[in-house]
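1. generate a structure from the sequence data that follows.
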Amino acid sequence: MTYRKVSQQDLQHQSREIRSQLFEQIKCMEQRSNDKVAIFQEINDFLKKRAELDLQYSKELDKLVKSVMMRHKAERQRRPNWSLYSICNLWQQIVDDAKDEAKHRSIIADVCANYIVPGINNKCSSLQKMSKKCRDIALLAAGEVMRVLNELSLAMKTYHNCYNEFSVLSAKLHHAEEQKRKIMEANSSLRKQNSIQKTYEKRNEKHEIARQKCMRARNEYLLCIDAANSSLYKYFADDVSNIIDCEDLGLDCWLRMILQNLISARKSACQSEMNALANLSGFRDSLQSRDDKQRFFESSNQTFMLPKRFDFKCDQSETIFEISTNDLREEFKQRHNQIRKRLGILRMESEVSWQKLVEMEKKMQELLAVSTFVEINEFGISDKRPSTELVEQELSNIFESYLQSFTFFLLNANLISRLEARANGINDGLKCKNKYVPISKQDISDCERLNGNSLSEKKSDTDGSEMETLIHQRPKRRIGSQTSTECQFSSPWTLRPKLFGGSLEEYTDGTGEQIPLVVVSCIRALSLFALQHQGIFRISGSLLEINRMREAFEHGEDPLKDVKSATDTNSIAGLLKLYFRELREPLFPFYLFDLLTDCAKYQKISDFIAEIRPLISKLPRSSYILLRFLFAFLKHLSEFSDENMMDTYNLAICFGPTLLPIPEGKDQVIYQNSVNEIIKNLILHCNEIFDEKLPGPKYEKYNLNSGLDTPADTELELFVDDESGIDGLDGDGKQWSCGSVETSLFPYNYKNPQNIVPFLGRSIQPPNFGEHSLFGETINERGLNFLNNEDFNQTGCITSPSARTRSRLIILF
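-> Take a look at the predicted model:
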């Protein structure tokens, strides 16, 4: 009974900690809302007082101008020659500028006092209402999570009771077997034998019933564990973020409108205020509530850290740790089909609710633009806004409908995640070929719409696991994306998605690039010219050169497309690290930090891969593809560690703080070794950890031009030595000889096709290039001296060269 009490106490303790964490999150979100309202009120008070000062300044300045003009009019007869002097024009210009300044100061005071201040008051009231509604939603979502934990606790108690009953009946059955054996050996009477036989059969029947009951309870317990883990992950990874996005709904667009009114008024005020105007414009253009959200998460990282996964707790004598369906296969198949059907309905409902959210976001954005934006020109303020009461009423109705749809979408998404976890658990128990839920027509249509592919046409060519991967990697939906990125009057300030310092997910969605151009271009240049560069990623590059390339990439250009030498290797490597370091959201989310660093404690690589692969697979698709590309390149780079002095551990030291930053409040010294170990193992075993079947760009050795938008005739194409090439076989499996003039080991595409040198046996001689330099050395100096007798077999075919020889061959040709 000890293990039962210990397990129940552990689960209760963990549930209490999670409950405390959930309520702490709600308190943090309330404090966040109160802080924002307080800041807006401070801004409001400041602008109100400034409007009073501007109005007073305008009146005094206008009074000064009028007095000067009246005196000039009165004394005009005494100033007949003033117009002859240029300083008179200066005096007149100063007076006219003062008159215009008084006018524009009055406009600024009018805008602040009559438009901005009331707008901020209304928005503060709206923020408080939204905060209260979102708090209720957060409590509802947290209650749903706690309900799942209660189900887990009940399932664990049920399982332990069933297992205890099963153990007791097993002991009784064993005792009956002993009695039966003794009676049989003693050759007792037939009546006594029949009696003991009946007793044995009854106990055996009860034992079988208890075994079935225990198996069902165990399976239900395991399914509840999967559902609880999935529910917690969904809540911490998506739901909390979506609740905050919902709370900030429309804030970006509204604040842009308010700032646009203030900026338009101050633009015509005076040249002395241009510095302040530029600061406001910069803030307006870079306004992103998700930046605040990310900083908010980072400041309270421990509160929003994903809790530890639930594990199966059982007696030491228990030998089954997975869902078993030996006698319940048909029952589980039926249950799996029911879950799949329900998932299809839920996904359809979720898609409909998401479309409603998008439509309401667009409608709300248009209404906010019409009700907030005022046109300010040289003649004053042109106010074409509708009635405030009507706008507030319509906005209130939209917000109410939006909150209802958002509540349904949030809870429905968590339910889908739980059902998928249960379905995956049943699939594992049934030993299905595919891990995820089988594809339905709705799944295929969703995947076609989201990925732009026609799965129905490729169905015959794609196995089940690949199609499941396509379905599983849906683009992540962001609450408030329509109001934060689009606006009816936003053409003056709508910019290209930010590359450095921005979000990877927003950049890939906005530009259509699966991997940012800066990453692809830098890795291409480094793979071509820097694999043997000593100290790559450790030696600092030129800050001036890095900033120049950064500006070019920020404007959508590729300054590295024409690079044909290794002169700027350190600067290119520094630019690549700078991009990862300045990402707004790190590639590994901070809420996964504890779970990722826990993987470093596993000594066996198989255990490490088994634990970290599910965590990596839950990353957003853009981050997953980028990490797969990056780690494949770093693994290729580490193969030349004898020359570049950068093995996997050194690379992990360089990229660890960038890819997996240690959150504030954690000991940097203690966790740094774990971070380095994680990155090192990801580099070493990237092929086993990352799914190669997921569609997207993949890094390939010596073949970096495929899939890039660079002309083939301007770059050197490099090829991998596959097994057939090493063994002397061509693509058709036929052995080729070094005496064949038509065969070359490393073909490439270069401007002059006459430079292709075939291998002509042991007495290979380079073509006569004269004294022309190739990679810093003349051909006559280098020749082909590195080919010796060990490179050929008895039949005259080239044998497998070493990695060092291959690299020299590639560089030469």
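
2. could you pull out the strands for the stretch 601-750 of the chain?
-> All residues of the stretch 601-750 of the chain lie outside strands when identified by DSSP state E, counting those that start in this stretch.

3. so what's the backbone phi/psi at the residue positioned nearest the centre of the chain?
-> The structure's the chain has its C-alpha centroid closest to Pro620; by Cα atoms, centre = their mean the separation is 4.1 Å. Backbone torsions of Pro620, given as degrees, to the nearest 10, read phi -60, psi 150.

4. I'd assumed Glu505 was in contact with it.
-> Yes: under the criterion of Cβ atoms under 8 Å, Pro620 is in contact with Glu505, at a separation of 5.5 Å. All C-beta spots, glycine's among them, are computed from the backbone N, C-alpha and C.

5. chain center to whichever strand or helix holds Asp252: distance?
-> Assignment of secondary structure by DSSP states H and E places Asp252 within helix 251-267. What separates the centre of helix 251-267 from the centre of its chain is 31 Å, taken as Cα atoms, centre = their mean, to the nearest Å.

6. from now on call the first residue 18
-> Renumbered: residue one is now 18, and that last one reads helix 268-284.

7. quick check: buried residues in stretch 53-68?
-> Residues 53-54, 57, 61, 64, 68 are the ones in stretch 53-68 that count as buried (16 or more other Cβ atoms under 10 Å).

8. and for that stretch, what's in contact with it?
-> By Cβ atoms under 8 Å, 6 or more residues apart in numbering, the residues outside stretch 53-68 that reach it are 125-127, 129-130, 133-134, 137-138, 140-141, 144-145, 148.

9. gap between that stretch and the chain center?
-> With Cα atoms, centre = their mean, you get 36 Å for stretch 53-68.

10. ditto for stretch 393-408
-> In terms of Cα atoms, centre = their mean, the centre of stretch 393-408 is found 41 Å from the chain centre.

11. what's the answer for stretch 324-332, then?
-> Between the mean C-alpha point of stretch 324-332 and the mean C-alpha point of its chain there is a distance of 28 Å (Cα atoms, centre = their mean).

12. swap in stretch 521-541?
-> Centroid separation between stretch 521-541 and its chain, computed with Cα atoms, centre = their mean, is 13 Å.

13. mind checking pLDDT for Asn722?
-> The per-residue pLDDT reported for Asn722 equals 46.

14. which stretches of this structure form strands?
-> Under the criterion DSSP state E, the chain contains strands at 392-394, 397-399, 790-791, 794-795.

15. where does pLDDT dip in the stretch 68-217 of the chain?
-> For the stretch 68-217 of the chain, applying pLDDT under 70 flags the ranges 101, 103, 106-107.

16. can you do 90?
-> Counting by pLDDT under 90, the low-confidence segments of the stretch 68-217 of the chain come to 71, 74-75, 78, 82, 88-137, 140, 143-144, 147, 186, 189-217.

17. and the helices in it, which stretches?
-> In order along the chain, the stretch 68-217 of the chain carries the following helices (DSSP state H, counting those that start in this stretch): 103-128, 134-203, 207-251.

18. looking at the ones you listed, which is nearest to Glu602?
-> Taking Cβ to Cβ as the criterion, Glu602 comes closest to helix 207-251 out of these, the separation being 17.3 Å.

19. chain center to that closest one: distance?
-> Taking the mean of its C-alpha atoms, helix 207-251 sits 44 Å from the chain's own mean (Cα atoms, centre = their mean).

20. same check on stretch 643-650?
-> 15 Å.

21. next one: stretch 186-204
-> Centroid displacement of stretch 186-204 relative to its chain, using Cα atoms, centre = their mean, is 63 Å.

22. kindly report the same for stretch 67-77.
-> Centroid separation between stretch 67-77 and its chain, computed with Cα atoms, centre = their mean, is 49 Å.

23. please point out which parts of it sit buried.
-> Buried residues in stretch 67-77, counting neighbours by 16+ other Cβ under 10 Å, are found at 68, 71-72, 74-75.

24. so what secondary structure elements neighbour the helix holding Asp269?
-> The elements that helix 268-284 packs onto, with contact taken as 3 or more Cβ pairs under 8 Å, 6 or more residues apart in numbering; DSSP states H and E, are helix 103-128, helix 134-203, helix 291-302, helix 346-389, strand 392-394, helix 498-502.

25. what comes up buried for it?
-> Residues of helix 268-284 classed as buried: 268-283 (neighbour count, 16+ other Cβ under 10 Å).

26. for stretch 623-631, same thing?
-> Buried positions in stretch 623-631, judged by neighbour count with 16+ other Cβ under 10 Å: 625-626, 628-629.

27. returning to what we had before: identify, from the buried residues of helix 268-284, the entry nearest to Ala590.
-> The shortest gap between Ala590 and any of the buried residues of helix 268-284 belongs to Asp269, at 35.7 Å (Cβ to Cβ).

28. what distance separates the start and the end of stretch 245-256?
-> Its first and final residues considered, stretch 245-256 spans 15 Å by Cα to Cα, to the nearest Å.

29. need the contact partners of it.
-> Under Cβ under 8 Å, 6+ apart, the answer for stretch 245-256 is 35, 158-159, 161-162, 165-166, 168-169, 321-324, 326-327, 427, 430-431, 434-435, 437-438, 493, 606, 608, 635.

30. for stretch 403-420, same thing?
-> With contact meaning Cβ under 8 Å, 6+ apart, stretch 403-420 is reached by 139, 143, 146-147, 150-151, 154, 263, 266, 373-374, 377-378, 380-381, 384-385, 387-388, 402.

31. how many neighbouring residues does Ser655 have?
-> 20 (other Cβ atoms under 10 Å).

32. my error: substitute Leu207 in the last question.
-> Residue neighbour count, defined by other Cβ under 10 Å, stands at 7 for Leu207.

33. separation between it and Gln214?
-> Here Leu207 is placed at a distance of 10 Å from Gln214 (Cβ to Cβ, to the nearest Å).

34. with Lys251 instead?
-> When Cβ to Cβ is the yardstick, Lys251 and Gln214 sit 55 Å from each other.

35. for Ile629, same thing?
-> Between Ile629 and Gln214 the distance is 56 Å, computed by Cβ to Cβ.

36. quick check, pLDDT for the residue lying closest to Leu363 once chain neighbours are set aside.
-> Nearest residue to Leu363 in three dimensions, chain neighbours excluded: Ile433, at 5.2 Å (Cβ to Cβ, 6 or more residues apart in numbering). Reading off the confidence values, Ile433 has pLDDT 87.

37. got a list of what Ile433 touches?
-> With contact taken as Cβ under 8 Å, 6+ apart, Ile433 is in contact with 360, 363-364, 367.

38. in TSV, list those residues along with pLDDT.
-> Below are the contacts of Ile433 laid out as TSV (pLDDT from 0 to 100):
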residue	pLDDT
Leu360	87
Leu363	89
Arg364	87
Ser367	86
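
39. now a PyMOL select for only the buried ones of the residues you listed.
-> A single PyMOL command selects the buried members of those (16+ other Cβ under 10 Å):
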select buried, resi 360+363+364+367
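
40. closest to Glu681 among the contacts of Ile433?
-> Set against Glu681, the nearest of these by Cβ to Cβ is Ser367 (35.2 Å).

41. now do the contacts for the nearest residue to the closest one once chain neighbours are set aside.
-> The shortest distance from Ser367 to any residue other than its chain neighbours is 5.0 Å, reached at Asn429 (Cβ to Cβ, 6+ apart). Contact analysis of Asn429 by Cβ under 8 Å, 6+ apart lists 363, 366-367, 370.

42. 10 Å instead?
-> Taking Cβ atoms under 10 Å, 6 or more residues apart in numbering as the definition of contact, the neighbours of Asn429 are 363-364, 366-367, 370-371.

43. cool, Leu186 as well?
-> Leu186 makes contact with 220-228, 231, according to Cβ under 10 Å, 6+ apart.

44. run through the residues that contact Arg198.
-> In this structure, Arg198 makes contact with Ile213, judged by Cβ under 10 Å, 6+ apart.

45. gap between it and Lys219?
-> Distance check for Arg198 against Lys219: by Cβ to Cβ, it reads 17 Å.

46. ditto for Lys80
-> Between Lys80 and Lys219 the distance, using Cβ to Cβ, works out to 111 Å.
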